[in-house]
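> coordinates for the following, if possible.
(one chain, ligands or ions: 1)
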Amino acid sequence: MTNDETDAPWWQRGTIYQIYPRSFQDSDGDGIGDLAGIEARLDHVATLGVDAIWLSPIFPSPMADFGYDVADYVGIAPMFGDLAAFDRLLAAVHARGLKLLLDFVPNHSSDQHPWFQASRSSRSDPRRDWYIWRDPGPDGGPPNNWISDFGGSAWEWDAATGQYYLHAFLKEQPDLNWRNPALRAAMLDAMRFWFDRGVDGFRIDVLWHIVKAEGFPDNPVNPDWHPGITERDRLLQRHSTDQPEAHAIAAEMRALADGYGDRVLVGEIFLPNDRHARWYGTPDTPEVHLPFNFQLVENAWDAAVLRRVIADYEASLPAFGWPNWVFGSHDAPRIAARIGEAQARVAAMLLLTLRGTPTLYQGDELGIGEVPIPPDRVRDPQDLRQPGLGIGRDRSRTPMPWDASPFAGFSTTEPWLPLNPDWRTRNVAAQDRDPTAMLQLYRDLLRLRRAQSPLSVGTMSLLDAPDGVLVYARAHGDARLRILLNLTAQDAIVDWHGTPLLSTLEGPSVPGLLRANEGLIIA
Ligand code: TEU
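Below is the predicted model:
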């Protein structure tokens, strides 16, 4: 081991695994996952070979947006357990040498949060200013043209107090006012509460949304909008997101985290590279450790496109900024649904060999593909409000299939969302026995990533490759690996020699050739 390998913090060397708590494991027979269920399934996480777990929100919530509407930042939703169950889970996670990140939702609370109840009770309530209230516009309508991410005006009229409040998402998710010092202090206290309890960090929801431009000017019209995309995209969110003042808040969160030592902040930020990179802050005033990078989700699965995406992203990073990559989440379509199982294997190799911290999404390690959601079972509020656009998020939130027993071992009753149609064969137990399964590929890749310092902490250089093929080198000290990925379903002539360490395909790899759908790591 060299110095920089031992020096690299865990969140650089390691891999993050996202658990969607409603859909991981039900332990009490209500068809919804819970904390005790997660604890019971930690073997799976540990044997997979990841380093940290990020839990989507587990806080008390009316579940209008499935937990992203928080009614108490320092409690646990009864459907998931209680603080004692949380402490048990955290201890069990730590006992396995894993880390635990929670999901912090600072942009908005639930309309059922006592703070909002107070805020809406009267214009003179001390908490009025903890949310964003405005008088009607000159025409008596909403104060400006801002559109909610889930469609419709971002302003909701409150007849009792005669003002509008702002909600970037559902009307049940009023935006908090981070310009108010008392609100700011209360939110930082909530982070402190969980750090004190021992959590290793946070994924921070829609961090680039948390401050709005003074004066609330109208957002400009997006010239590229067309009816096939969401209503949100009619406007460019110039004044409603990514304000300079938000960086000071991110820096304050970072200072708080750094006060606890080895903790990490992952910021959910959708922005072009130049603006995205600013969320690292500066060496003197750092902001988040990892501004989530969703470019593998947003771009076409095409070698030339990805080569440019990787190069541009790497070039945009500040010298001290550590990269990261994601290709699945509880919001995004499943990778195997997007590109098919054969290419999903190549994608797994890409994600786990790129330079930077990878985040895996539960179920992608099984290659779960499209899950049809019958119309009467749609639960996603975004989909329900804007039907027909194919933006439904339920299809990525279906329960983990554990085995071939009733309800796939997830629950003893019908789960809140349907299972993947092939759950009887595509489940953890079945893939555990099958050396050719996606699960084994993930385990092999994660094992290799741990064993090979070029993969975890090495440099990366993109190399020339024929059309449809992506080739890069990773190097650390004297060790050098090459990764060759055939993003097509045809054989490709690629000049390589050396020792294959891992292929996405069975059977011997052939020097000078990449088989159709083959990804290869060569020493
Ligand atoms: O998502 C933020 C976000 O940008 C989403 O609107 C995303 O664009 C969309 O889901 C893609 O289909 C975060 C959470 O991850 C999401 O689950 C929440 O609904 C949202 O914030 C509000 O908290």
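
> for the residue sitting nearest the centre point of the chain, which non-adjacent residue is spatially closest?
In the chain, the C-alpha nearest the mean C-alpha coordinate belongs to residue 329, at 5.0 Å (CA atoms, centre = their mean). In space, and not counting its chain neighbours, residue 329 is closest to residue 361: 5.3 Å by CB to CB, 6 or more residues apart in numbering. No exception for glycine: its C-beta is placed from N, CA and C like everyone else's.

> excluding chain neighbours, what is closest to residue 389?
Nearest non-adjacent residue to residue 389 (CB to CB, 6+ apart): residue 230, at 6.3 Å.

> just to revisit the earlier point, my read is that the residue nearest to residue 329 contacts residue 330, right?
Yes: Residue 361 lies in contact with residue 330 (CB atoms under 8 Å); the separation is 7.2 Å.

> shared neighbours, the two?
Here residue 361 and residue 330 have 18, 20, 396 as joint contacts, going by CB atoms under 8 Å, 6 or more residues apart in numbering.

> which of the residues you listed fall in strands?
Using DSSP state E, residue 18 are the members of the shared contacts of residue 361 and residue 330 that sit in strands.

> by neighbours, which of the shared contacts of residue 361 and residue 330 wins?
Counting neighbours by other CB atoms under 10 Å, residue 396 leads the shared contacts of residue 361 and residue 330 with 25 neighbours.

> pretty sure it contacts residue 369?
No: counting by CB under 8 Å, residue 396 stays clear of residue 369, with 10.7 Å between them.

> just send the shared contacts of residue 361 and residue 330 back as JSON lines, with pLDDT and distance to the ligand too.
Listed next are the shared contacts of residue 361 and residue 330 as JSON lines, based on pLDDT from 0 to 100; distance: CB to the nearest ligand atom, whole Å:
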{"residue": "18", "pLDDT": "98", "distance to the ligand": "10"}
{"residue": "20", "pLDDT": "98", "distance to the ligand": "9"}
{"residue": "396", "pLDDT": "98", "distance to the ligand": "9"}
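
> that older thread, contacting residues for the residue nearest to the centre of the chain?
With CB under 8 Å, 6+ apart, residue 329 has these contacts: 18, 297, 359, 361, 396.

> for the third one, helix, strand, or coil?
Assigned state for residue 359: strand (three-state reduction, DSSP: H, G, I helix; E, B strand; the rest coil).

> how many residues are close by whichever residue of the stretch 1-150 of the chain sits closest to the ligand?
The stretch 1-150 of the chain approaches the ligand most closely through residue 68 (3.3 Å), counting by CB to the nearest ligand atom. For residue 68, the count of nearby residues is 24 (other CB under 10 Å).

> where does it fall, secondary structure wise?
Using DSSP states H and E, residue 68 is not contained in any helix or strand.

> quick one, strands of the stretch 201-350 of the chain?
201-204, 264-267, 290-291, 324-326 (DSSP state E, counting those that start in this stretch).

> need the residues of the chain near the ligand, please.
Taking CB under 6 Å from any ligand atom as the contact definition, the chain meets the ligand at 65, 68, 105, 149, 169, 205-206, 268, 270, 330-331, 391, 393.

> for the residue of the stretch 1-150 of the chain closest to the ligand, list the residues it contacts.
57, 61, 103, 105, 169, 173, 205.

> ok, now with 6 Å
Residue 68 makes contact with 57, 105, according to CB atoms under 6 Å, 6 or more residues apart in numbering.

> and it, how far from residue 104?
Distance, residue 68 to residue 104, using CB to CB, to the nearest Å: 11 Å.

> could you do residue 112 as well?
For residue 112 relative to residue 104 (CB to CB), the value is 18 Å.

> compare the two (neighbour count), which wins?
Neighbours were tallied for residue 112 and for residue 104 using other CB under 10 Å; the higher tally belongs to residue 104 (26 against 16).

> what about dumping the CA coordinates of the longest helix seen in the chain to PDB?
Using DSSP state H, we find that the single longest helix of the chain is helix 181-197. Only the C-alpha atoms of helix 181-197 are listed here, as PDB (Å, rounded to 0.1, in the frame of the first residue of the first chain):
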ATOM      1  CA  PRO A 181     -31.300  32.800  10.800                       C
ATOM      2  CA  ALA A 182     -33.600  31.000  13.200                       C
ATOM      3  CA  LEU A 183     -34.700  28.500  10.600                       C
ATOM      4  CA  ARG A 184     -31.100  28.000   9.500                       C
ATOM      5  CA  ALA A 185     -30.000  27.300  13.100                       C
ATOM      6  CA  ALA A 186     -32.900  24.900  13.600                       C
ATOM      7  CA  MET A 187     -31.900  22.900  10.500                       C
ATOM      8  CA  LEU A 188     -28.300  22.800  11.400                       C
ATOM      9  CA  ASP A 189     -29.300  21.500  14.800                       C
ATOM     10  CA  ALA A 190     -31.200  18.700  13.100                       C
ATOM     11  CA  MET A 191     -28.000  17.700  11.300                       C
ATOM     12  CA  ARG A 192     -26.100  17.900  14.600                       C
ATOM     13  CA  PHE A 193     -28.700  15.600  16.200                       C
ATOM     14  CA  TRP A 194     -27.900  12.800  13.800                       C
ATOM     15  CA  PHE A 195     -24.100  13.400  13.800                       C
ATOM     16  CA  ASP A 196     -24.200  13.200  17.600                       C
ATOM     17  CA  ARG A 197     -26.000   9.800  17.200                       C
END
